[in-house]
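> I would like to see how this sequence folds:
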Amino acid sequence: MSRTARVVACSPEDVFAVLADGWLYPVWVVGASRVRHVDAEWPRPGTALHHSIGIWPVLFDDTTEVVEWSPDDTISLRARVGPLGRAVIVLTVRPHSRGCTVTMGERFVGGVAATLPYLLRRLALTLRNHENLNRLAHLPEGRRADRETDDDVDRGHVPRHPHGQASPGSRDDADDVPARADDF
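As a prediction, this is how the structure comes out:
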């Protein structure tokens, strides 16, 4: 089994909010191109999301089923991945001083991919899951950043440009805005 971990700058609850939204699957899973349907009770064990893998026009329709869902720390999935076969995926989320650590383990359990040499399978899964975790991390971290910006605006704080200048339209640059078009 390949295991890859990443520290994510948000709470475990934020990560599980993303995992609970089956429609986000192709945003963070490398190779998934679209979701066709998500069972109404996703992510309850036994429910599935119906997705496609590949790049248009070569797409394979398949499913990923929830085996275990414990929003305190774990989701286990059984994925069918087109002609490659089947895989078991386990994501665990643990608190960390900078947010949480997400660990992704994946193992091919059938199909062509399971017959590849061990080191090749492990390398491919490690590289893919490193990118999966990077993509997954951006979703809750981005939502958190949006909430913090909204909170700053609600408290009357002015968002700043990343390089320290006032953001366009903020109060700091209001005096620089021409009063009339003729002032340009």
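> can you list the residue ranges for helices in this structure?
For the chain, applying DSSP state H gives helices covering 12-19, 25-28, 118-154.
> need the winner for burial among those helices.
Neighbour counts (mean count of other Cβ atoms under 10 Å) averaged over each of these peak at helix 12-19, with a mean of 20. Heads up, the C-betas are built off the backbone N, CA and C, glycines and all.
> residues in contact with it?
The contact list for helix 12-19, computed with Cβ atoms under 8 Å, 6 or more residues apart in numbering, reads 8, 24, 28, 43, 71-73, 75, 91, 93-95, 100, 102, 136, 139-140, 143-144.
> can you rerun that using 7 Å?
Contacts to helix 12-19, defined as Cβ atoms under 7 Å, 6 or more residues apart in numbering, come from residues 8, 24, 43, 71, 75, 91, 93, 95, 100, 102, 136, 139-140, 143-144.
> tell me what the helix or strand bottoming out on mean pLDDT in the chain is packed against?
Lowest by mean pLDDT, DSSP states H and E among the helices and strands of the chain is helix 118-154, with a mean of 85. In terms of contacts (3 or more Cβ pairs under 7 Å, 6 or more residues apart in numbering; DSSP states H and E), helix 118-154 is packed against strand 2-8, helix 12-19, helix 25-28, strand 99-110.
> let me know which of those is the nearest to residue 55.
helix 25-28 (11.8 Å; Cβ to Cβ).
> and the closest one, how far from the chain's centre?
6 Å (Cα atoms, centre = their mean, to the nearest Å).
> returning to that earlier point: of all the contacts of helix 12-19, which two lie farthest apart?
Largest separation among the contacts of helix 12-19 by Cβ to Cβ: 24 and 95, giving 22.3 Å.
> which residues does residue 112 contact?
Contacts for residue 112 (Cβ under 7 Å, 6+ apart) come out as 83, 84, 85.
> pLDDT score for the second one?
If I follow you right, that is residue 84. Listed pLDDT for residue 84 reads 82.
> that one touches residue 115, doesn't it?
No: Residue 84 is beyond contact range of residue 115, at 10.4 Å (criterion: Cβ atoms under 7 Å).
> of those two, which one has the most company?
More crowded of residue 84 and residue 115, by other Cβ atoms under 10 Å: residue 84, with 19 against 10.
> now the more buried one: closest residue in space that isn't a chain neighbour?
residue 113 (4.3 Å; Cβ to Cβ, 6 or more residues apart in numbering).
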